[in-house]
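Asks: I need the structure of the sequence given here:
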Amino acid sequence: MAIKFAGTINALNRGIASTKPDKGGDMIEDWEAALADIDTPGAKGILRDLASLRKQLEREAPDADRVHALLHRLGEATTRIAEKAETNQEKLKTLGEALTEAGEDQPDEAEDVAAAASPKRGRAKA
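Replies: Below is the predicted model of the structure:
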């Protein structure tokens with residue numbers, strides 16, 4: 001399967017607002033298929049974020065803040081994974097940079113830290 005680097009990068013460069021959600025969903029499915037058999041650290045996180053992004057695009061009213069956060073996170077992860085790729089390193093790096101630029105960093109670590117600090121929360125008492 002040929003990975004559609006150019007199509008994805010062109011869509012990001014034109015602006016995500018000009019890309020139809022169903023076209024974005026198709027591109028995400030292509031990337032999910034391309035990453036499915038890759039056993040490189042970071043690939044599973046990218047797949048998880050791609051699935052979240054696809055779900056947002058399938059909604060009647062996607063959450064723009066969430067979409068931008070996912071694009072940014074995907075960009076950073078793609079740039080990191082590019083260094084470990086056996087092929088297409090430069091194309092992956094370019095894609096990662098385009099994703100990062102299309103997104104917006106919205107760290108939510110404070111929420112994660114709070115959840116991690118109370119691991120017993122939600123457990124039934126014996």
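Asks: Check this protein for its longest helix and report it.
Replies: Counting by DSSP state H, the longest helix found in the chain is helix 64-82.
Asks: Contacts for it, please.
Replies: Residues outside helix 64-82 that contact it (CB atoms under 8 Å, 6 or more residues apart in numbering) are 16, 40-43, 45-46, 49-50, 52-53, 56-57, 88-90, 92-93, 95-106, 108. The way it works is simple: take the backbone N, C-alpha and C, and place the C-beta from them, glycine included.
Asks: among the residues you listed, which are in helices?
Replies: With DSSP H as the criterion, helices contain 43, 45-46, 49-50, 52-53, 56-57, 89-90, 92-93, 95-102 from among the contacts of helix 64-82.
Asks: Can you flag the buried ones in the residues you listed?
Replies: Neighbour-count burial within these applies to 43, 46, 49-50, 52-53, 56-57, 92-93, 95-100, 102; the criterion is 16 or more other CB atoms under 10 Å.
Asks: Just the pLDDT at the residue nearest to the spatial centre of the chain, thanks.
Replies: The chain has residue 74 as the residue nearest its centroid, 3.4 Å off, counting by CA atoms, centre = their mean. Looking at residue 74, its pLDDT is 92.
Asks: how close does it sit to residue 60?
Replies: Computed as CB to CB, to the nearest Å, the residue 74 to residue 60 distance reads 23 Å.
Asks: can you check residue 24 too?
Replies: For residue 24, the distance to residue 60 - CB to CB - is 14 Å.
Asks: repeat for residue 9
Replies: For residue 9, the distance to residue 60 - CB to CB - is 27 Å.
Asks: And for residue 78?
Replies: Distance, residue 78 to residue 60, using CB to CB: 28 Å.
Asks: can you count the residues close to the nearest residue to residue 104 once chain neighbours are set aside?
Replies: Ranked by CB to CB, 6 or more residues apart in numbering and with sequence neighbours excluded, the top spatial neighbour of residue 104 is residue 68, at 4.0 Å. Residue 68 has 16 neighbours, counted by other CB atoms under 10 Å.
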